[in-house]
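Novice: The following comprises the amino acid sequence and a computationally predicted model.
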Amino acid sequence: MAIYLDHAATTPLRREVLDAMLPFLTESFGNPSSAHAFGRAARAGLDDAHERVAARLRAEPREIVFTSGGTEANNLALKGAAWAGKGHGHRIITSSVEHHAVGHTLRYLEKFGFEIVELPVDRYGRVDPDQLEAALTDRTILVSIMLANNEVGTIQPIEEVALRVRARKGVLLHVDAVQAAPYLDLDVIALDADLVSIGAHKFEGPKGVGALYVRHGTHILAQQQGGTQERHRRAGTENVAGAVGLAAAYDLTCAERPATVRRLAAARERLARAILLVEGTELTGHPTDRLPGLLSIIARETDGGAVTVSLDLEGIATSVGSACTTGSTEVSHVLTAMGYPEDEARGALRLSLGRTTTDEELATAAQVVPRVIASMRVGTAAVAADPLGQGVSA
């Protein structure tokens, strides 16, 4: 039985979501910018998607911009806000544990004269709002802090961050909520953010579609030209089926969230208890303020990549961290920022549960994962004691 424990990377497309999308991939295939009946049918579906997503976020339909995913939503927020605010300042503040969709975008902006300030984090991966406040200057135009970390699951103190940002007139706050959206209530009024990014495939929606909340009155510059779509903020023929799928998936996710969160939190604790019995393992991320289904650990004297391969051979899909960096020879920038030395960070393992994870799968994982980690540690110790394989014991 194949067991999928990598829901933080992506989730299976929900059948109800596919059913909602199918009409816009078949008979209602029109271009929503066309004036004829086919176009009007597509436009009606797109408008309904704007309204449904906005209602779940406590936003207005005009504040929702559909994108090709969370990465584009982050790019549009950061580049759009940076270039729109360039005349007022050039300083952008972020954290050292952001997803590469934010970190790499800011490194790009740095080439054009923007000053990027990365705040340090504590051992749990959290920023200090007081340090953020100290970093704010009259030249600061934007702050970008994620709501929940995609590798270790830590939830950031966004309410405190927002309070500090709001004390400075003219500074925008962007929140990357891509990983948080399935499990945390995204009330943009409560978040008090100007820009919020989400991606559909993290909550059983289709890949290739995301959304950016842009608070009414927030000025951003479009990052692609060619048409007037999405109120001039994102040119290109809209992915109507994708937008409908995102709206349908998010509706279901929000409606079922309380029960899902309770079940996943309990399941994650059971799995954590089993794994942490293995010598040399340690939980990473905040022990309580974290996403309910994401379990991240360090298994010392192992290689996380090798562990994931061994688990895959056992029929269990896991990861070492962000799917966007799988295959990289570098250790996690998140764990490095949290203070883990390279040899420990290489033992990272991430197991992320989802709505479709069953009790049977969890029971199997609770037996197999600790056994594999323990065997890998024994194998590593054996190689260290006899690196040439000559059977020589100390």
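Specialist: Ah, there it is.
Novice: Just the strands from the stretch 51-200 of the chain, written as ranges.
Specialist: Ranges of strands in the stretch 51-200 of the chain, per DSSP state E, counting those that start in this stretch, are 64-67, 91-95, 115-119, 140-144, 172-176, 195-199.
Novice: Each with direction, which strands does the third one pair with?
Specialist: It stands for strand 115-119. Neighbouring strands of strand 115-119 in its sheet, by DSSP bridges, are strand 91-95 (parallel).
Novice: could the strands of the stretch 51-200 of the chain be laid out in TSV, adding mean neighbour count?
Specialist: Yep, even glycine has a C-beta here, placed from its N, CA and C like the rest. Output for those, formatted as TSV (neighbours: other Cβ atoms under 10 Å):
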stretch	mean neighbour count
strand 64-67	26
strand 91-95	25
strand 115-119	17
strand 140-144	25
strand 172-176	27
strand 195-199	30
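Novice: Dihedrals phi and psi, the closest residue in space to I198 that isn't next to it in sequence?
Specialist: Distances taken as Cβ to Cβ, 6 or more residues apart in numbering place A181 nearest to I198, at 4.5 Å, with adjacent residues excluded. Here is the backbone geometry of A181 (degrees, to the nearest 10): phi -50, psi -40.
Novice: Of all the strands of the stretch 51-200 of the chain, which one is nearest V240?
Specialist: Judged by Cβ to Cβ, the one of these that comes nearest to V240 is strand 64-67, at 9.0 Å.
Novice: can you tell me which residues contact H232?
Specialist: H232 makes contact with A222, according to Cβ atoms under 8 Å, 6 or more residues apart in numbering.
Novice: Please report the distance of the residue nearest the centre of the chain from L252.
Specialist: By Cα atoms, centre = their mean, the chain has its centre lying nearest to Q179, at 2.9 Å. Per Cβ to Cβ, to the nearest Å, Q179 is found 18 Å from L252.
Novice: tell me the pLDDT at the residue nearest to I198?
Specialist: Here, the pLDDT recorded for A181 equals 98.
Novice: That one reaches F203, doesn't it?
Specialist: Yes. Using Cβ atoms under 8 Å, A181 is in contact with F203, at 5.9 Å.
Novice: The two: which is more packed in?
Specialist: It is A181, of A181 and F203, that has more neighbours when counted by other Cβ atoms under 10 Å, with 29 against 25.
Novice: Please list all residues in contact with G242.
Specialist: Contact analysis of G242 by Cβ under 8 Å, 6+ apart lists M21, F66, A200, P206, G208, V209.
Novice: which two in those residues are spaced the farthest apart?
Specialist: Within the contacts of G242, M21 and F66 form the most distant pair, 13.5 Å apart (Cβ to Cβ).
Novice: just to revisit the earlier point, give me the spatial nearest neighbour of the residue nearest to the centre of the chain, chain neighbours excluded.
Specialist: N150 (4.2 Å).
Novice: Hmm, A180 and the one you found touching each other?
Specialist: No. Between N150 and A180 there is no contact under Cβ under 8 Å: 9.1 Å.
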